[in-house]
Each structure stands twice: as structure tokens, then as C-alpha cells.
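1. Sequence and predicted structure below; questions after.
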Amino acid sequence: MKVTVIGCSGSYPGPQAPASCYLVEADDEDGRTWRILLDLGSGALGELHNHADPLTIDGIFVSHLHADHCLDLCGYYVLRKYHPTGPAPRIPCWGPADTDRRMAKAYDLDEDPGMNEEFEFRTYDGPVSFGPFTVTATPVYHPVEAFALRVEADGRALVYSGDTDVCESLVEAARGADLFLAEAAFRECDENPPGIHMTGRQAAEVALKAGVEALVLTHVPAWHDSAYAMAEAAEVWSGPLQMAAKGAVYEV
């Protein structure tokens, strides 16, 4: 699998990157390249054009319905509906319950048809086999319904935490992953509200418990220095460690 960071800023688009969006690509047995997105947060659609034709995306997997993870579905709806080549075929979009209604309201559309002529909205119900991918969504600890996403292809595994505090379900979702893309929006030195985000140190502790091969920290908001999260993680994690950045590419 090839993973490209389209956006990785926490909470809102930052000066160096859009909000959360990750392009994952893999070939099937016939050599056809499949492309999926993990989230499509605020500001990400524009950056996506620099890495792939948005009309070549095969499917979308949304971790949760906060704006920094899903709001550019609105722009993508416009692109697919009004592109000069004609309306694009419906694209499958997996997400939490009520994604179809919430996206319609976000663009001030009537719920019927809403965006249902452009997207085929589906909820998570067990592992999803899609092209060369198997995607498993695991509920995690956040103020709204939220999922960690485990993507497997060719015997390799990428796990994206989405937004979550530390929880046992995240450890199990990340178990043995080749690459763990883990949010680190909070800092150890602050008084952080429970049940929302992890610190860099906590992300590293989850990585250790899960036995992952490599750790990439992400979702650091613009008001924090990402070096702080890296330093926290390095206190407990001695394996491969990177900070996500717009345009970064990882081979899994």
C-alpha cells in the first residue's frame, strides 16, 4: 500500500496543511490501482488535486463527523455533481450512522435526495472488502461516534486512529500494524479533558502495547508545536517515528 498525507492538521486547517485526509492506494491482482480516502476534512479536497484526480477515487471511509474529518465531502459533492465531464457515478462512502443526513444539512440541502445521488452512504457493519482492501472500523473513545480504521492489503496493515482518547479498543485495532497513524492533539503538560484526544506519549504507549512496526503522529493542531508531540513519543518509543506532513508518502 502507498499512503499519502493530504491533510493532517488537528481541529481545523492549519498554515502548513489541511485538516485530516489520507490517500491510500493499492493494486489488485489484475494490476488495477484502487484509491480510497480515509477522511476528507476541511481544506483537503484542494490539496487532493495535487496527488490524484479526485474523480479516480474509488471509495471514502470517514472516521467520524466532526468538520475537520468530513466537511470537504460538501465540496466533493459539488465536484461530482457539476464536473463538466458530466455527473460522476455514485461513490461508496462509509461512515457513522446519519452521515447522509448530516452531510445534506452541512450543505443546506433537503434530506431527500440530499447527496444520495452522488454518494452511496453506508454504515460500518463488520469488515469491508473493497478492491484489494479490507477495512475494519473499530469504535473508539471520542465525544461522538468515532472509529479507528484498519486497512489491510497484500498482507500488510495500516491503522489510522481517527480521533480518540486512549482505549483498549484502539490497542486491539492497532495490534501488529505495519504503520500506525496516531493522533496526538494534546500535550502532557496541559490539563486535558478526558475522552477526546491523546498526547504524543499516549500515542506511543498505545503503539508499544499494540506491537506496531512504525509510528506516525498526526492531528497536531496549529496552536501546538509538533516537535513537542515528537519529544513526548520518543520518551517511550524507540522504533521508527515520524510526524505526518502534507505530501508525505509512506510505503506500507
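-> Happy to help now that I have it.
2. can you give me the helices in the chain?
-> Counting by DSSP state H, the segments of the chain that form helices are 44-48, 67-70, 73-82, 99-106, 168-174, 200-210, 226-234.
3. To M1, which of those helices lies closest?
-> helix 168-174 (15.7 Å; CB to CB). In this view, the C-beta of every residue, glycine as well, is placed from N, C-alpha and C.
4. what's around the nearest residue to D68 once chain neighbours are set aside, how many residues?
-> Excluding the flanking residues, the one nearest D68 by CB to CB, 6 or more residues apart in numbering is A19, at 3.7 Å. Counted by other CB atoms under 10 Å, the residues lying close to A19 total 28.
5. Kindly report the same for P15.
-> 6.
6. Touching, it and P221? I think so.
-> No. With contact defined as CB atoms under 8 Å, P15 does not reach P221; the gap is 11.3 Å.
7. Please work out how many residues are found near G31.
-> Neighbour number of G31 under other CB under 10 Å is 6.
8. re the thing from before, format the helices of the chain as a markdown table; extra columns: mean neighbour count, distance to D190 and mean pLDDT.
-> Converted to a markdown table, these look like this (neighbours: other CB atoms under 10 Å; distance: least, CB to CB, whole Å; pLDDT from 0 to 100):
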| stretch | mean neighbour count | distance to D190 | mean pLDDT |
| --- | --- | --- | --- |
| helix 44-48 | 22 | 27 | 98 |
| helix 67-70 | 23 | 19 | 98 |
| helix 73-82 | 18 | 31 | 98 |
| helix 99-106 | 19 | 30 | 98 |
| helix 168-174 | 20 | 21 | 98 |
| helix 200-210 | 23 | 12 | 98 |
| helix 226-234 | 19 | 10 | 98 |
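9. Now do the strands in the stretch 151-252 of the chain.
-> For the stretch 151-252 of the chain, applying DSSP state E, counting those that start in this stretch gives strands covering 156-160, 179-183, 215-218, 220-221, 241-243, 249-251.
10. OK, contacts around the nearest residue to D165 once chain neighbours are set aside?
-> Nearest non-adjacent residue to D165, counting by CB to CB, 6+ apart: Y141, 4.4 Å away. Applying CB atoms under 8 Å, 6 or more residues apart in numbering to Y141 gives the contacts 164-167, 169-170, 195.
11. Out of those residues, flag the one nearest to F186.
-> Using CB to CB, the contacts of Y141 come closest to F186 at D165, 8.8 Å.
12. And that closest one, how far from A184?
-> Applying CB to CB, to the nearest Å, the value for D165 to A184 is 12 Å.
13. So between those two, which is more surrounded?
-> Neighbours were counted for D165 and for A184 using other CB under 10 Å; A184 has more, 30 against 20.
14. I'd like the contacts of Y141 as CSV, with distance to M115 appended.
-> What follows is the contacts of Y141, written out as CSV (distance: CB to CB, whole Å):
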residue, distance to M115
T164, 26
D165, 31
V166, 34
C167, 31
S169, 30
L170, 30
G195, 30
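15. Out of the strands of the stretch 151-252 of the chain, which is the most enclosed?
-> Greatest average neighbour count among the strands of the stretch 151-252 of the chain goes to strand 179-183 (a mean of 30), per mean count of other CB atoms under 10 Å.
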